[in-house]
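In: what follows is a predicted protein model with its sequence.
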Amino acid sequence: MKTAAAFAVAAVLLAACAPKAEQPAAADIQLARQAALAFEQQSRREITTRLERDEDPVAVYMSYADHAPEWAREISNQLEADFSRTSLGVRNPANAPDDWERRQLETFAFLMDSGLDPDTFEIGEIVQEDEETVFRWMQPVRMVDTCLTCHGEAIDERIKLLLAQEYPLDEAAGYSEGQIGGAYSVRKVLRVGDQPAPAWTPIPEPVILPADQRQSGDAPVVAPSPTSQD
């Protein structure tokens, strides 16, 4: 018993003497939250407006697919940090989580399975990645009606064809409303070694080929909607 007590006292003393982990700045957390909210509002507004106009679901999907990377690019440049979306099951392999993001996503899933409210989940940390001291932040994305057009269990067959052509390894379908479909992620370099982080380099606009330079294999082929015969 004395030995156990001595170990317990030693552990308390060591914890008291250990340096406290660096905490994220409140301003960085607030900016990350605002970035996630801006993307979510923009994407839902885009999808909802088109669905309310009864646009073809394929047109809705293609509009979102065209605009989402640009929204993320603009937000990253405004934030002067990397803003992205990721998931345990991604559609685009380029959006696969890194090790830190995967751990947070697994924690979010565990907490939701335990009965906690995902709307309260958030993680913000200062981590060391080689020579870089980095602010990392994540917040889960809940699946709502607008998301299910392209990520739900009953996706338009023509959208499925598009997805099969563009993302043959797609793992981002079959969700139901309320599930966690992924997370918003922010990564901001604070220091490199003992030096301040270099100035943010704006992400340039993507190069888009003029129509006359496109090849037949550049765009997916979508089967026309079945029409009724008289």
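Out: That came through fine.
In: in three-state terms, label the most centrally placed residue in the chain for me.
Out: Most central in the chain under CA atoms, centre = their mean is R85, positioned 1.5 Å from the mean C-alpha point. For R85, the assignment made with DSSP: H, G, I helix; E, B strand; the rest coil gives strand.
In: isn't it right up against S185?
Out: Yes. Applying CB atoms under 8 Å, one finds R85 in contact with S185, separated by 6.9 Å. To be clear about C-beta, it is placed using only N, CA and C from the backbone, and glycine gets the same treatment.
In: pretty sure A96 sits against V90.
Out: Yes. A96 lies in contact with V90 (CB under 8 Å); the separation is 5.3 Å.
In: between the two, which has more neighbouring residues?
Out: Neighbour count, other CB atoms under 10 Å: between A96 and V90, V90 has more, with 18 against 14.
In: what does that one show for phi and psi?
Out: Backbone torsions for V90, taken as degrees, to the nearest 10, come to phi -90, psi 160.
In: quick one: pLDDT of it?
Out: At V90, the model reports a pLDDT of 95.
In: where does the protein have low pLDDT?
Out: Scanning the chain with the threshold set as pLDDT under 70 gives 1-19, 208-230.
In: pull the longest strand from it.
Out: Looking across the chain with DSSP state E, the single longest strand is strand 180-192.
In: just checking: what are the partner strands of it?
Out: Using DSSP bridges, the strands paired with strand 180-192 are strand 82-86 (antiparallel), strand 132-142 (antiparallel), strand 195-196 (antiparallel).
In: tell me which of those approaches A27 most closely.
Out: Judged by CB to CB, the one of the strands paired with strand 180-192 that comes nearest to A27 is strand 132-142, at 10.3 Å.
In: following the closest one, which helix or strand comes up?
Out: Remark: after strand 132-142, the chain's next helix or strand is helix 145-151, criterion DSSP states H and E.
In: can you pull the buried residues of that following helix?
Out: Residues of helix 145-151 classed as buried by neighbour count (16 or more other CB atoms under 10 Å): 146-151.
In: repeat for stretch 44-56
Out: Buried residues in stretch 44-56, defined by neighbour count with 16+ other CB under 10 Å: 46-47, 50.
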